[in-house]
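Colleague: using only what follows, build the 3D model:
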Amino acid sequence: MINNNIVIVEDADKNEMILAGKGIGFQKKAGDIVEAKNIEKRFLLEDKGLYDKFKKLVKEIPVETIRISDDLISKARRELKKALSENIYLSLPDHINMAIYRFSKGQNVSNMLLWEIKRMYPREFEIGLYGLELIRKQYDLELPEDEAGFIAIHFVNAQLNEGMNQVFDMTKFLKEVLRIIEYHFKISLYENSLNYFRFVTHLRFFAQRVFNHTVMSDKDRNLYDIVKSNYPDSYVCVEKINTLIQTNYSHTISVDEKLYLMLHINRIIQREEN
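Modeller: Numbering: from 1, shown residues only. Alright, predicted model coming up:
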C-alpha cells in the first residue's frame, strides 16, 4: 500500500499494477483483496523503468493530480487518435503538480511560444484548456493560459517522443517556415482550414526529421521536376525554406522533401487565394 488512496497490487497473472480510488487502501494490509467497486484508475506501464519511477512519483504528489493527469491522457488518446509515449504518465503529473505549487506561491512562468502553440497544436491546446478546468474544479485555482500551452507541449512531445526542449525548438522552427510562406505569398494562412491542419501535421514530422538530421531518399525526381515546373512560386518558396534550414539548422532537405513541401504549399495557397 502507498496510502489510503493508492495501492500496489498483483492480478491473477502476477502482474503488478497501481490502483487509485478514494479510500481504496484504508485499513488494508498485504494480501487483502481490493474490491473492484473502489477502483477508479488502473496504472500498468509496460516499461519497467518507467513503472518504477511512476511508483515513486505517486508517493510524492496528491492522488487528485494523478487523476487529473490520467483524465487528460485518456482524453488525448480519444481525440488525438495517436500513440502516446508512456513517458507522459511521468512528465504530465509532475508538471501539473509543480505548476500548481508555483501558482499557489505566486510564481507564474510565461510561455513565450503560447501564440505559436495555439496556432500549430490547436487540438493539444484544447486538451490543455480542459486540464486548466479540471485543476480549477479540484483546487479552486485559475491557472493562466500559459499553462494550457505547457500541457499541450507535453502531448506533442508524447506523440513525437522527443525531449521537451527539442519540441520547443521545433515549434520555433515551424513558426519560421510558416512566416516564410506568408511573406512569400503575401497572405495570412487560414488556421481553421483542413488543408492548414494537414500541412502543419506534415511540418511537425518534417521538423522532427530536420532536427534528427534524417534524410529521405530521392525516389521521385521525375515527379519533382514536373511539380517544380507546374508550381514555380511554390518551388521558389521551398528553396527559401531550404536556405533557412541549411543556414540555421545545418541540414539539407532531399528532393522528395522538397516535392512534398511544394505539393502541400500549393494546396494550401490555392485554398487561401480562393
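
Colleague: give me the below-cutoff pLDDT ranges for the chain.
Modeller: Counting by pLDDT under 70, the chain contains low-confidence ranges at 1-17, 19-32, 34-47, 161-163, 271-274.

Colleague: just the strands in it please.
Modeller: Counting by DSSP state E, the chain has strands at residues 6-10, 16-20, 41-43.

Colleague: counting neighbours, what do you get for the nearest residue to I68 once chain neighbours are set aside?
Modeller: The shortest distance from I68 to any residue that is not its chain neighbour, by C-beta to C-beta, 6 or more residues apart in numbering, is 4.7 Å, and that residue is L134. Any C-beta I mention is one placed from the backbone N, CA and C, and that applies to glycine too. Residues lying near L134 (other C-beta atoms under 10 Å) number 18.

Colleague: just give me the longest helix of this structure.
Modeller: Selection of the longest helix in the chain by residue count, based on DSSP state H, yields helix 164-185.

Colleague: contacts for that one, please.
Modeller: Helix 164-185 is contacted from outside by 91, 113, 116-117, 119-121, 153-154, 156-157, 160, 162, 188-189, 200, 203-204, 207-208, 210-211, 233, 236-237, 240-241, 244, 248-249, 265, 268-269, 272, using C-beta atoms under 8 Å, 6 or more residues apart in numbering.

Colleague: can I get it as CSV, trimmed to CA atoms?
Modeller: C-alpha atoms of helix 164-185 as CSV (Å, rounded to 0.1, in the frame of the first residue of the first chain):
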residue,chain,number,x,y,z
MET,A,164,10.7,19.0,-24.2
ASN,A,165,13.5,21.3,-25.3
GLN,A,166,13.5,19.9,-28.8
VAL,A,167,9.8,20.2,-29.1
PHE,A,168,10.0,23.9,-28.2
ASP,A,169,12.8,24.3,-30.8
MET,A,170,10.7,22.5,-33.4
THR,A,171,7.8,24.8,-32.6
LYS,A,172,10.0,27.8,-33.3
PHE,A,173,11.1,26.2,-36.5
LEU,A,174,7.5,25.7,-37.6
LYS,A,175,6.9,29.4,-36.9
GLU,A,176,9.8,30.3,-39.2
VAL,A,177,8.6,28.1,-42.0
LEU,A,178,5.1,29.4,-41.9
ARG,A,179,6.4,33.0,-41.8
ILE,A,180,8.4,32.4,-45.0
ILE,A,181,5.2,31.1,-46.7
GLU,A,182,3.1,34.0,-45.6
TYR,A,183,5.7,36.6,-46.5
HIS,A,184,6.5,34.9,-49.9
PHE,A,185,2.8,34.8,-51.0
